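Colleague: Sequence plus the predicted model coming up.
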There are 2 protein chains.
Amino acid sequence: MASLTPHEVAVMFMALGTLLASARLLGELAKRYHQPAVLGELLAGIFLGPTVLGALAPQVAGALFPSQGGSALVLDGITTLAITLFLLVAGMEVDLSTIWRQRKAAVTVGISGIVGPFALGFATAWMAPRVMGKDPSADPLIFALFIATALSISALPVIAKTLMDLDLYRTEVGMTVIAAAVLNDLAGWIIFAILLGMLGTPAGHGLPIGHTIGITLGFVVFMLTLGRWLAHRIFPWIQAHASWPGGVLSFILSVTLFGAAFTEWIGIHAIFGAFLVGVAMGDSAHLREQTRSIIDEFISFFFAPLFFASVGLKVNFAANFDLVLVTVVLIIACIGKVAGCALGARLVGMAARTSWALGFAMNARGTMEIILGLLALQFGLIRERTFVALVIMALVTSLMSGPIMQRILKRKKPSLFLDLLETRSFLNRLSASNAQEAIHALVQAACPLRGLKPEEVEAAVWQREEVMPTGVGHGLALPHARIDALSKSVVAIGLSRAGIDFGSDDGQPAHIIGLLLTPKGNTSLQLELLADITRTFSDREFREKALQARNYTEFLALLKLKSSKRERSIETD
Amino acid sequence: MASLTPHEVAVMFMALGTLLASARLLGELAKRYHQPAVLGELLAGIFLGPTVLGALAPQVAGALFPSQGGSALVLDGITTLAITLFLLVAGMEVDLSTIWRQRKAAVTVGISGIVGPFALGFATAWMAPRVMGKDPSADPLIFALFIATALSISALPVIAKTLMDLDLYRTEVGMTVIAAAVLNDLAGWIIFAILLGMLGTPAGHGLPIGHTIGITLGFVVFMLTLGRWLAHRIFPWIQAHASWPGGVLSFILSVTLFGAAFTEWIGIHAIFGAFLVGVAMGDSAHLREQTRSIIDEFISFFFAPLFFASVGLKVNFAANFDLVLVTVVLIIACIGKVAGCALGARLVGMAARTSWALGFAMNARGTMEIILGLLALQFGLIRERTFVALVIMALVTSLMSGPIMQRILKRKKPSLFLDLLETRSFLNRLSASNAQEAIHALVQAACPLRGLKPEEVEAAVWQREEVMPTGVGHGLALPHARIDALSKSVVAIGLSRAGIDFGSDDGQPAHIIGLLLTPKGNTSLQLELLADITRTFSDREFREKALQARNYTEFLALLKLKSSKRERSIETD
C-alpha cells in the first residue's frame, strides 16, 4: 500500500501548521481592523507562496511547500477536503424559509442582481476575451458564461456580517438583502455547476454533456425537496438511537463526503455536492444548535483557513497582476451588481436611498468568487491573471460594502464601551471608600489617555454626580460627563469588592463603577454607551464573575465571551 | 504543483465516506451492546479491507481503496493526520492533578502495573522471538523492549468508561485506577518514543540515536513544565484578544501540528508531539468546556473512526491469524498486568478483593495498543501476525474488563428506565381522565411485552395505588407493582396534557405517568428505577419539553440528550 515517507509526513505537518497559524494570525488582525478574516487568510498564503517567500527565499518555500511528491499531493487532497467541508457550512447557512417569507422582493432583487452583472460580464468577455484573460484553449462561449457567472454571485456571510455591524440585520431591508443573496448564491452555483458539466472534462467518466447537466439538475431538485424532507425525518431518529451529538455529526459528514464524491464523479466538482447536502440538512429544525456549532467552529477555524491560505500558494499575485484587467473586472462587477439590485429594489417599491444601499450591500463578493475562480483555473478555463483580478475584485467589493452603506444610510456601528476600554483605564482593586474617592481614582486613570486635565474633568463629573447620583442599582454606578476638549470618548472601569455607596434606588452599594467621558457635541453617544454598559452588566451571575477577575486580561476575556455569545444569538436567530 | 486528478478526488471522497459511514454504524452497534465503539470501527475496516471485501470482491475493494497512486497517498496522509489529532484528544484527557492527588497509590500501582507485563513480555520476546513474530531484520533487543512496552500500556478511555458504567468512577478505587492508568499511559508512551528513537530510522534526519533520545526527553520535560505553564498563561490572552472559541481552537490545533512535525522530524512519530501538546494544554483551567467539546466531538466522530477503520485496510486479519501467538500474547498480557497491579494495590493496603478488581480494571487495553502496534509494523519491527495478535489482545482485554470486575465486586450497572422503555409502551396521548383509567391504559400497553395477563397486573397495581397514591408531585405519578411471573422489568410511560389526579402532596395533577412492573424477588431494583424516573423528570423545564414530544422518537431523543449531558458532566468532573 502506498504510504508517505517519514520525511513527507514531517513536511506535511509543518506545512499544515504554518498555513493554519499564519492564516489565523492575519485573519484575527484583519478582524481587529473590522475587515473580513478571509482577507488576512489570503494574505498569509500570498506571503508564504511564490509571490513573496518564493521570490525572496525559494529554497525555504520549496522545502516547506514542495511542488512535487507525496507531501504536495497530500496537501492538495487535504485542501480539497477543506474547501468541500467549508461549502457544507456555507450550504447550512442557506435558509430557504427566509426566501419564502420575502419571496416577492427576494425574487425580484435576486434576479435583477444576477441579470445585471451577468449581462455586462457576458458582453465584455464575449467581445474582448483576450482583455479578460481567456485561456487560448478555452471555448469562448463557456468562458464568457463563466465570467458572467463569476461576477454575479454575492457573498452571503460577508453581507450578513456587514448588516449586523450596522444593526440592520433584523430590519426589512436586511431581511430582503439576505433572502435575495441566498437566492443569488443558489442560482449562481447551479449555473456554474452546469457550466462545468458543459466542459465535458475527463472527470465526467465519459458521460455525454447532456447527461451531466440532466443529472446535476436532477440532483439539485432531489436535494432541495426529498433530500430536505429525509434529513428532517432522520435527525430525530439518529438523536434517539445513536450517540449525541456525535451520531448526527458523523451522519452529516458521511453524507457530505458521499455527495462530494457523487458530484465529482459526474464531472462537476465535489464542492457542489457538499453545498447541496448543507442546504438540505441545515434547514431542519431538528438539527440542534450544539451540533451545528461544532461543525461550524471546527470547519471555520481549521479547514477554511487552511484552504484560503493555500490559494496564495498556487498563484504568483505580483507577476499576474494586470492593472487594466483588474480595473475592468472591478468596474463591470460593481456597475452590474449595484445598478441591477437597485433597479430591482425600486421595482418592489423601495425608496431610492434604500435601494442604493441595498445595491452596495449585495455588491460584496468574498469567499465564493475566490473558490469559483480557483476551479475555473484548475479546469483550464481562465488564466492566472484573470484569477488574480477576480480575487482582488472579491476583496475590494467586500471591503467597500460596509463603509458605503454607512455613508448612504448615515448609519453607524453601535458604540460599545468594550472598544474604548484599555489596560490603563481598568482599576481592578479600587480602594476608594466613597463616591468622591472612586471618581477621583477613575478620572486619574482615564485622563492621561486623552491628554485631559484631571482637575477640570473631576469637577465636571462630580458636578453631574451632585445633581443626581449615578448609582443605577444592581451594584452598578456610572458617573459620567460630557467634556468639551474631547474628540474620542473614554471609559474607565473600577471594581470594588467592598462596595461604594452611589445613592442607587435599591440601596445596594456599587461594586462595578464605570466612568464615562464623551465629547460635548454628541448627546446620543453618551446614551448609547450608558445603555451598553448597563446591558452588559444586567445579569447578576455575570457581575459576580466579573468581580472575580484577577486582572485586565481575565476581565476582557469575560466581556469578549459575553459579546460573542450575544452575536451568536443574533446570527442563529 | 502536483495535484490530484478529478478521478482521484472522487475516489478519495468515496473512500472517506465509506470508511466514516461504516465505522460509525458498526461503532454505534457496538455501543448498543455495551461494547467499546472502537470494536465496531475496527470491524468496519476489516470488512472493507483485504480480510473480507478484498477476498470476496477484489475489484470492488481495489477501486474503492486503491493501493497505489494519488488517492492511496492522500488517504494515508489523512489517516496520519487523523490519528495525530486523536492523540491530541487522548493527551487532553490526561489530568496530571489526579496523579498528584493520589500520588502514593498511583505511583505504586502505576509502576507495578508496568513492571509486571513489561518483565513477562520482555522475557518471552527475548527467549522466543520467533514465536512472538519478530521481523527477521529487527534488532532482538529493541523487539523485546517493544513487545514489553506494548503489553504494558493501559487504555485510559476504556477504563474510565467501565468505571462509570459500574458507578465506581468517583470512589477511591476508581480514582486510584484512573491516576495509575494516566501515569501508566504517560510512562508507556515515553518508553515507546525512546524505542523508536533507538531504531534510528531514516526519519531521524541522520541524528545520532543518543541525540534523538536526549531531545525526546527534553521535549517531554519541557511540555510537562514550561509548556503547561505557557499554555495556561496564553489561553486567557487569546480569549481576550481573538475570536471565541475559534481563537483558542486554532491555537491548539496549530501547536499540535507543529508538535507533530517536530517529533516526526527528530525521528520518533508525529503522534507523540500531538499527545504531549494535548497533555500540556488539556490541563489548563482556562481552557473552556465549549472549546474542549468542539475539539473532542469533531475529532472523536470524524477523524478517529476514519483512522480505526483504516487499520483494517492495511492487514489481512484472517491470513495473519496465528492461534498460538494470540493465546501467548493474551495470557502474558493478562497475567503480567492483573498480577502486577493487584500486588501494587495490596502494597498500598487495599483489600484482596478490591486489589483483584483493580487489576482487571487496569488490564483493559484498547486504542493505544492498536496505534502502537501499527507504528511498530510500519517501522518494520514486527510482522503482521504479531500486529493481529496485539489487536485481538487489546480488544479481548477491553471486553472482559467490565464483566469480570462486576463479578468480583458484585457490582451491577445501575438500572435505568431508559433501557426498558419501548415504542409500544409509550402512550403519547393518554386520554384517561382519572388514575384508574390511566393505569388501565398503561397496563394494557405494558403486559403484551412480557406476556403478562393484564387483569392480574392491573389488580396488583391498583391495590398498591389504594394503599397510598403514587403521585410524587411536580406533575409526576409512578404507579407500580412487583409481579411474580416477571423475570425482566417493564416500564410504560403515558403523557397527559390535561393532567390526572394521582393524589400527590402538592395537589398538582400528574402529566407524566410512569407504570413500573418489577420482578417480585428484587426489591432494590424497584427502588432504583423509581429513583431514576424521579430524577430524570425532576427539572421543570425538562418536563415541559417532554410533554411537547410529538412521538416516541422525539421523546427518546430528549431522554438521550439529558442522559448524555449527565454522563458528560461526570466525565468532565
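Modeller: Yep, that arrived.

Colleague: Only C-alpha atoms from now on, for both contacts and neighbour counts.
Modeller: Will do.

Colleague: Next, give phi and psi for A:T263.
Modeller: With angles defined as degrees, to the nearest 10, A:T263 shows backbone torsions of phi -70, psi -30.

Colleague: quick one, strands of the stretch 301-450 of chain A?
Modeller: Counting by DSSP state E, counting those that start in this stretch, one finds strands in the stretch 301-450 of chain A at the ranges A:426-427.

Colleague: which residue does the stretch 101-250 of chain A bring closest to chain B?
Modeller: Going by Cα to the nearest Cα, chain B is nearest to A:A240 of the stretch 101-250 of chain A, at 3.8 Å.

Colleague: Report pLDDT for the nearest residue to that residue once chain neighbours are set aside.
Modeller: Excluding the flanking residues, the one nearest A:A240 by Cα to Cα, 6 or more residues apart in numbering or on different chains is B:A557, at 3.8 Å. Reading off the confidence values, B:A557 has pLDDT 78.

Colleague: packing partners for the helix or strand where the residue of the stretch 101-250 of chain A closest to chain B lies?
Modeller: A:A240 belongs to helix A:228-241 when assigned by DSSP states H and E. Judged by 3 or more Cα pairs under 8 Å, 6 or more residues apart in numbering or on different chains; DSSP states H and E, the packing partners of helix A:228-241 are helix A:246-265, helix A:270-282, helix B:552-571.

Colleague: before we move on, back to that, give me the neighbour count for the residue of the stretch 101-250 of chain A closest to chain B.
Modeller: Applying other Cα atoms under 10 Å in any protein chain shown, we find 21 residues neighbouring A:A240.

Colleague: same question, A:M127
Modeller: Around A:M127 there are 13 residues (other Cα under 10 Å).

Colleague: ok, now A:R550?
Modeller: For A:R550, using other Cα under 10 Å, the count is 11.

Colleague: got the residue ranges for the helices in the stretch 451-573 of chain A?
Modeller: A:454-467, A:523-536, A:540-547, A:552-571 (DSSP state H, counting those that start in this stretch).

Colleague: try the stretch 51-200 of chain A
Modeller: Counting by DSSP H, counting those that start in this stretch, the helices of the stretch 51-200 of chain A are A:53-56, A:58-64, A:69-93, A:96-101, A:103-127, A:140-152, A:156-165, A:172-199.

Colleague: Check whether the shortest one comes close enough to chain B to count as a contact.
Modeller: No. Helix A:53-56 lies out of reach of chain B by Cα under 8 Å from any Cα of the partner chain, never closer than 13.3 Å.

Colleague: What helices and strands are in contact with that helix?
Modeller: Using 3+ Cα pairs under 8 Å, 6+ apart, helix A:53-56 sits against helix A:58-64.

Colleague: Mind listing what's buried along the helix it packs on?
Modeller: A:A61, A:L64 (16 or more other Cα atoms under 10 Å in any protein chain shown).

Colleague: ok, A:L430 to chain B distance?
Modeller: Per Cα to the nearest Cα, to the nearest Å, A:L430 is found 22 Å from chain B.

Colleague: which residues touch the nearest residue to that residue once chain neighbours are set aside?
Modeller: Counting by Cα to Cα, 6+ apart, A:L430 lies nearest to A:S496, which is 5.2 Å off, once chain neighbours are set aside. Going by Cα atoms under 8 Å, 6 or more residues apart in numbering or on different chains, A:S496 touches A:N428, A:R429, A:L430, A:S431, A:A432, A:A510, A:H511, A:I512, A:I513, A:L547.
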